[in-house]
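Trainee: kindly return the folded structure for what I paste below:
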Amino acid sequence: MDVTHETDDGDFDLWDASDKSWTHTFSPIESGKIIRATLTVYNFNINDKVDPYYDLKMYVDGVEIPNAFDEVQTTRTHTSVFELDPSLFNELEDGEAIVRIGNAGTHLDEFAIDYAVLEIDYYCDSVPVIIDIKPGSDPSSFGANSKGKIPVALFGSANFDVTQVDDSTVRFGDSEGTGAYSTQAGLEDKNGDGFMDKVYHFSFPETNLDVYDTVGYLSGELLNGVKFSGSSDVNIVGGK
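Mentor: Predicted coordinates:
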């Protein structure tokens, strides 16, 4: 996710010795964590390595980034790239990171910021999805001794594109990541919400569902490797 402080228009702001502060916003996710955070700052006259009397500091939400500007810059205008500790952002539940650059020693007469970009990489443990076992049935009942196929609908949405699912990874069973692999899949707008859904069919004996199970789990991966999972109530009837 890229968030820009201001557009790269070549115009520097705040040509004075005052602190520069701005806020980057991003979207925290519940089922994952941030594994990489990079801040790129295009600046003018931020070069405290040249003169020991100058000491510029950078803070992200009040946490100092050690030795942020200790590099020697060959020009007065410079692009600084900082690899930040991802834990800084994993702890920001409000999705707002305040960046501040200021003088800690002798104040420079002027320094300025043209733009800054924050790039954040997420790792998703598992994206939650919505499923419907034996769609159209309520309750979702299935015979315990059935040798047939049990259908499960995976619903698409504005945030989940079912056409990007790697069908070879999709499984359905009595626990997440186990059970039967899909034998058939078909696209249709099952719930009429305007987003394509996908209906899978599984060999029921291979799901390991029995009369003691009340929930069925569908899991798999997208083509980009991101995992997803969803669950729904199931009613297994009959039995020996």
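
Trainee: where in this protein is the helix or strand with the lowest mean pLDDT?
Mentor: Ranked by mean pLDDT, DSSP states H and E, the weakest helix or strand in the chain is strand 2-4, scoring a mean of 39.

Trainee: pLDDT below threshold where in the protein?
Mentor: Counting by pLDDT under 70, the chain contains low-confidence ranges at 1-15, 27-33, 46-54, 71-74, 90-91, 93-94, 105-110, 123-125, 239-240.

Trainee: where exactly do the helices run in it?
Mentor: Ranges of helices within the chain are 87-90, based on DSSP state H.

Trainee: from Val199, how far out is the residue nearest the centre of it?
Mentor: By C-alpha atoms, centre = their mean, the chain has its centre lying nearest to Tyr122, at 4.3 Å. Using C-beta to C-beta, to the nearest Å, Tyr122 is found at 29 Å from Val199. All C-beta atoms are positioned from the backbone trio N, CA, C, and that covers glycine.

Trainee: apart from its neighbours in sequence, what residue is nearest Thr79?
Mentor: Closest residue to Thr79 apart from its sequence neighbours, by C-beta to C-beta, 6 or more residues apart in numbering: Tyr42 at 5.1 Å.

Trainee: ok, now which ones touch the one you found?
Mentor: Asp8, Thr77, His78, Thr79, Ser80, Ile113, Asp114, Tyr115, Ala116 (C-beta atoms under 8 Å, 6 or more residues apart in numbering).

Trainee: the residue nearest to Lys134 when sequence neighbours are not counted: how many residues sit nearby?
Mentor: Excluding the flanking residues, the one nearest Lys134 by C-beta to C-beta, 6+ apart is Ser140, at 4.4 Å. Ser140 has 19 neighbours, counted by other C-beta atoms under 10 Å.

Trainee: Lys198 now?
Mentor: 20.

Trainee: go on, Asp197?
Mentor: For Asp197, using other C-beta under 10 Å, the count is 23.

Trainee: isn't it right up against Ser157?
Mentor: No - Asp197 lies out of contact with Ser157 (C-beta atoms under 8 Å); the separation is 9.4 Å.

Trainee: so Asp167 makes contact with Ala185?
Mentor: Yes - assessed by C-beta under 8 Å, Asp167 is found in contact with Ala185 at 5.0 Å.

Trainee: between those two, what contacts are shared?
Mentor: Shared contacts of Asp167 and Ala185 (C-beta under 8 Å, 6+ apart): Tyr200.
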